[in-house]
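>>> The following comprises the amino acid sequence and a computationally predicted model.
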Amino acid sequence: MRIAIGCDDTGFPLKEPLVAALEAEGHDVLDLGTFSTDPVDYPDYARAVGQAVLRGFVDASLLLCGSGAGAVIAANKMRGIRAALCHDAAAARTSREEADANVLCLAASGLDAKDAIEIAQTFIATQYEPSEKQARQMTKIGQLEAGLLGADKAPIKPDLTDAKVASKAAAAKGPAKPAARREAAAAPAAARAAAAPERPAPPPAVVNPPPVLPDPLKLPAVEETLRFLESREFLDRLWVKDATLWKGDAATVRNRLGWLTSPTIMRGHSEDIRGFADEVRRLQYSHVVLLGMGGSSSTGAVFNETFGSKMGFPDMLVLDSTDPGAVKQVADGVNLSRALFVVSSKSGTTSETMAAYAYFRGQVEAASSPRPGMQFVAITDPGRPLDKLATETGFRRTFLNPASIGGRFSALSFFGLVPAALIGVDIKILLERAHGMVETCGNEVGVRGNPAVQLGAVLAGLARAGRDKATLVFSEKIRSLGPWIEQLLAESLGKDGTGIVPVVDEPLGAPTVYGDDRVFVALVLEGDDSHDAALLKLADAGHPVLRLVLRDPMDLGAEFFRWELAAATAGAVLGVNPFDEPDVARAKENTTTLLTEWRRSHRLPEWPSDVEEDGIVLMTKSNKKPSSVSRGLAAHLAMAAPGDYLSIQAYLTPNAEAWRVLQEIRVALRDRLRIATTVGWGPSHLHSTGQMHKGGPTSGLFIQVTGDDREDLAIPGAGYGFSTLKAAQALGDLQSLRDAARRVIRLHLNGKQSQGLQQLLQMVQGLAKRL
């Protein structure tokens, strides 16, 4: 028999002996948690075991909680669940035999394992065999559940024929299987419902039809792009991995095309990944900490923010920053002895990731863990330094990703799927959705019937026509997909002086605040019309709008592939190599030089301070120093021209309040200057939009914002701390932008970050009235 078991923290001690006893009898047991004595809410587990029954995953469920009273109430709130609180074997037998209970609730307080096992065994072994009276009573229970016996209705005298027939049939055939029993019990209720007086049909739900938007595919620039792709036989050449479709060394490009077959390849690894996730769950880890930068962690962040942790699976924290405050937030947010650290790096040498690993490895070892390596998992390419490190230091597991899959194209590989599985996301469904998109994008459909190539043609064709600011709009539930797309487009296409500027998380405004350099792409869940009115206004104002609909969040699997192929398509149209990142190394080299200087003198060279005002220091390296910070900032913003974009690079401690203020700043400047705005946390943006900032179009206007760190955390073996590393990265980035002749200033916030940001907001709001 298939049995689900769930418990709260009070019932946890009884769960293990119950599972062992039931499995010894040959039952299949689905353990839904909890997995420790840490406090939890019992309604969550009542919901889990009830859904397991309703979805047909199991034949019956067991629920172990405190007194059991609240748990049985919670379970019975679910239509189709018949939960019974039983204190002995006789009550368990009665609940099954007479009431066809499908969830057994046990009062764990004061109940020993022996009695719990006896009650559960009796419950499972008993069949539903009601008398005529009991069948009649079950019919009325069904009517109550269906709302047919409300307070304003008299009891309906049932016709016992159906119950008698069902009872005789059950006696003739022997014990019924659980599903058959449920159908037999439901039949009288269905008959009674049919005989009941007719109720007026409820009014149909109001579903607003999606807006009718002009088709961007019919725009001349897009039509021309589609013809170009057809003339180059793009699809036929793509699927045979013809690397000459793109600029660059053919052999190198060909070695970066593994993402085309990643959904198919990874289907063969899905059971292994799921098995590992189940192992981690059973080991009762409370947290998974994902250490990575850029493409090595961005997909995990999408899954974490979209789905959260499934009940019974560990919670996830993602660390993609060298800010000491961010590192401390993670360290303070986990129980170190029950945390699993996933070290994710394609190259195996990513400085930020390896610094985070060194720090947390030191913390685990300092806690006297008997086998510290068992709290670490690696995801990397074969033969990389991280692969060797994992072997030498005893990591629990190493996942070796195909080397032919680039970092930002790795969503549907180990880099994305392992973190997803660890928090309970069903990667099998994700891969099925992805594979469906792969088949839809095959070369049989042609360029004009291919959803990914169409998207790439819209983006690239309109970019060539001057609309190179791809403004992304999302349903709230899938909003976290934005930063992933941002990196994919910026790093793949922002080079050789061209590219597409992805605009993410910029709140929608009135059509009048936008220039004619925008194209809007909305990704919305089916039935979500929250953005439709705004999108229609934008379309009416002449802005191209493309609306993509997802059935549900699991369609993210399909979207990852759609956007990867769209980026590759756009790269072929724009004449760039979408698989390299030639300008990323500049900031890294500058940072390395600065850190070498730090080791020698314990100082970092600073830009000269021009002026200070209200705790904000302005640094421009300009020959003409402004008389105040506000005047200097105003002069910088005055350089904005139509077609430019403003990039705010915040080397600050990432938190919700800081993000809120930065959003207010960007919107105020967007509305006044009528240019696109982006905001990125430093240094993680170096692995996301950094390539576009240095190698893409020269239309960027940059404001780097730095601040004082409240404390530093030493990086074991480095000779410096996270604060120094972040400061060196900020200076290295600043110098790289200057070397690329970008328009950039730096604003440093003295004192508390929150106060400094408020001062900056007030300054910007004042300037917005005068610019």
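Done, it's in. Source: prediction; values computed, not measured. Numbers count the residues shown, from 1 in each chain.
>>> residues of stretch 117-132 that come out buried?
Within stretch 117-132, the residues scored as buried using 16 or more other CB atoms under 10 Å are 117, 119-124, 126, 128-130. From N, CA and C alone the C-beta is placed, and that goes for glycine too.
>>> next one: stretch 459-471
Buried residues in stretch 459-471 (16+ other CB under 10 Å): 459-465, 467-471.
>>> end to end, how far does it reach?
The straight-line separation of the ends of stretch 459-471 (CA to CA, to the nearest Å) is 11 Å.
>>> and that stretch, how far out from the chain's middle?
Averaging C-alpha positions (CA atoms, centre = their mean, to the nearest Å) puts stretch 459-471 27 Å from its chain's average.
>>> rewinding a little: show me the buried residues of stretch 117-132 that map onto strands.
Among the buried residues of stretch 117-132, no member falls in strands (DSSP state E).
>>> which among the buried residues of stretch 459-471 gets closest to Leu340?
Nearest to Leu340 among the buried residues of stretch 459-471, counting by CB to CB, is Ala470 at 36.5 Å.
>>> In TSV: the buried residues of stretch 117-132, plus pLDDT.
Listed next are the buried residues of stretch 117-132 as TSV, based on pLDDT from 0 to 100:
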residue	pLDDT
Ile117	95
Ile119	95
Ala120	96
Gln121	95
Thr122	96
Phe123	96
Ile124	94
Thr126	95
Tyr128	91
Glu129	90
Pro130	89
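>>> Out of these, list just those in helices.
Mapping these onto helices (DSSP state H) picks out 117, 119-124.
>>> quick one on the thing from earlier: any chance of the buried residues of stretch 459-471 in CSV, with secondary structure too?
CSV is the format used below for those (DSSP: H, G, I helix; E, B strand; the rest coil):
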residue, secondary structure
Leu459, helix
Ala460, helix
Gly461, helix
Leu462, helix
Ala463, helix
Arg464, helix
Ala465, coil
Arg467, coil
Asp468, coil
Lys469, strand
Ala470, strand
Thr471, strand
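>>> which of these lies closest to Gly142?
Nearest to Gly142 among the buried residues of stretch 459-471: Thr471, at 52.5 Å, using CB to CB.
>>> so the closest one touches Ile675, yeah?
No - using CB atoms under 8 Å, Thr471 is not in contact with Ile675; the gap is 11.8 Å.
>>> so how far is stretch 389-406 from its chain's centroid?
Computed by CA atoms, centre = their mean, the chain-centroid distance of stretch 389-406 equals 23 Å.
>>> what's the helix or strand for the residue nearest to Ala727 when sequence neighbours are not counted?
Ranked by CB to CB, 6 or more residues apart in numbering and with sequence neighbours excluded, the top spatial neighbour of Ala727 is Leu604, at 5.7 Å. Here Leu604, judged by DSSP states H and E, is contained in no helix and no strand.
>>> how many neighbours does Leu604 have?
Leu604: 16 surrounding residues under other CB atoms under 10 Å.
>>> tell me the contacts of it?
By CB atoms under 8 Å, 6 or more residues apart in numbering, the contact list for Leu604 reads 594, 597-598, 724, 727-728, 731.
>>> Same question for Phe395.
343, 373-374, 376-378, 389.
>>> same check, this time on Glu97
Glu97 neighbours (CB under 8 Å, 6+ apart): 126-130.
>>> got it, and Thr398?
When contacts are taken as CB under 8 Å, 6+ apart, Thr398 is in contact with 377-380, 387, 390-391.
>>> Confirm that it sits in a helix.
No - counting by three-state DSSP, one finds Thr398 to be strand, located in no helix.
>>> So what sits opposite it in the bridge?
Per DSSP bridges, the residues bridged to Thr398 are Ala378.
>>> what's the spacing between it and Gln134?
Noted for Thr398: a distance of 58 Å to Gln134, by CB to CB, to the nearest Å.
>>> What of Ile745?
81 Å.
>>> Compare these two (neighbour count), which wins?
Ranked by neighbour count (other CB under 10 Å), Ile745 and Gln134 place Ile745 first, with 24 against 18.
>>> Is that one part of a helix or strand, or is it coil?
Per three-state DSSP, the secondary structure class of Ile745 is strand.
>>> Just confirm Pro716 is within a strand.
No - counting by three-state DSSP, Pro716 falls outside a strand, being coil.
>>> I figured it hits Tyr359, correct?
Yes - assessed by CB under 8 Å, Pro716 is found in contact with Tyr359 at 6.6 Å.
>>> neighbour count winner among those two?
Tyr359 (23 against 15).
>>> Number of residues surrounding the closest residue to that one other than its chain neighbours?
Nearest residue to Tyr359 in three dimensions, chain neighbours excluded: Ile715, at 5.9 Å (CB to CB, 6+ apart). When neighbours are defined as other CB under 10 Å, Ile715 has 23 of them.
>>> what does stretch 267-279 contact?
Here stretch 267-279 has contacts from 313, 397, 399, 414, 417-418, 421-422, 424, 427-428, 431, 435, using CB under 8 Å, 6+ apart.
>>> Inside strands: which ones of the residues you listed?
397, 399.
>>> closest to Lys694 among the contacts of stretch 267-279?
Closest approach to Lys694 among the contacts of stretch 267-279 (CB to CB): Phe414, at 29.5 Å.
>>> ok, so what distance separates that closest one from Gly751?
From Phe414 to Gly751 the distance is 43 Å (CB to CB).
>>> More neighbours: which of those two?
Neighbours per residue, other CB under 10 Å: of Phe414 and Gly751, the larger number sits with Phe414, 25 against 12.
>>> Might you report the residue contacts of the more buried one?
266, 269, 273, 379, 399-401.
>>> Name the nearest residue to it, ignoring sequence neighbours.
Phe399 (4.1 Å).
>>> Tell me if I'm right that that neighbour and Leu386 touch.
No - using CB under 8 Å, Phe399 makes no contact with Leu386, being 10.8 Å away.
>>> So for these two, which sits in the more crowded spot?
Legend: neighbour count by other CB under 10 Å for Phe399 and Leu386, higher for Leu386 (26 against 21).
>>> my read: that one touches Val342, true?
No - using CB under 8 Å, Leu386 makes no contact with Val342, being 11.4 Å away.
>>> Find residues that contact each of the two.
Jointly contacting Leu386 and Val342 under the rule CB under 8 Å, 6+ apart are Ala378.
>>> Model confidence score at Glu230, please.
Glu230 is assigned 96 on the pLDDT scale.
>>> Check the offset of the helix or strand that contains it from the chain's centre.
According to DSSP H and E, Glu230 maps onto helix 220-231. Mean-position distance between helix 220-231 and its chain equals 34 Å (CA atoms, centre = their mean).
>>> what do you get for stretch 90-108?
On CA atoms, centre = their mean, the centre of stretch 90-108 falls 40 Å from the chain's centre.
>>> mean confidence for that stretch?
For stretch 90-108, mean pLDDT is 94.
>>> Okay, buried residues for that stretch please.
Buried residues in stretch 90-108, counted by 16+ other CB under 10 Å: 91-108.
>>> residue contacts, Lys310?
With contact taken as CB under 8 Å, 6+ apart, Lys310 is in contact with 423-425.
>>> export the contacts of Phe414 to JSON lines and tack on distance to Leu290 and pLDDT?
Output for those, formatted as JSON lines (distance: CB to CB, whole Å; pLDDT from 0 to 100):
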{"residue": "Met266", "distance to Leu290": "18", "pLDDT": "95"}
{"residue": "His269", "distance to Leu290": "19", "pLDDT": "96"}
{"residue": "Ile273", "distance to Leu290": "15", "pLDDT": "98"}
{"residue": "Ile379", "distance to Leu290": "9", "pLDDT": "98"}
{"residue": "Phe399", "distance to Leu290": "13", "pLDDT": "98"}
{"residue": "Leu400", "distance to Leu290": "18", "pLDDT": "97"}
{"residue": "Asn401", "distance to Leu290": "15", "pLDDT": "96"}
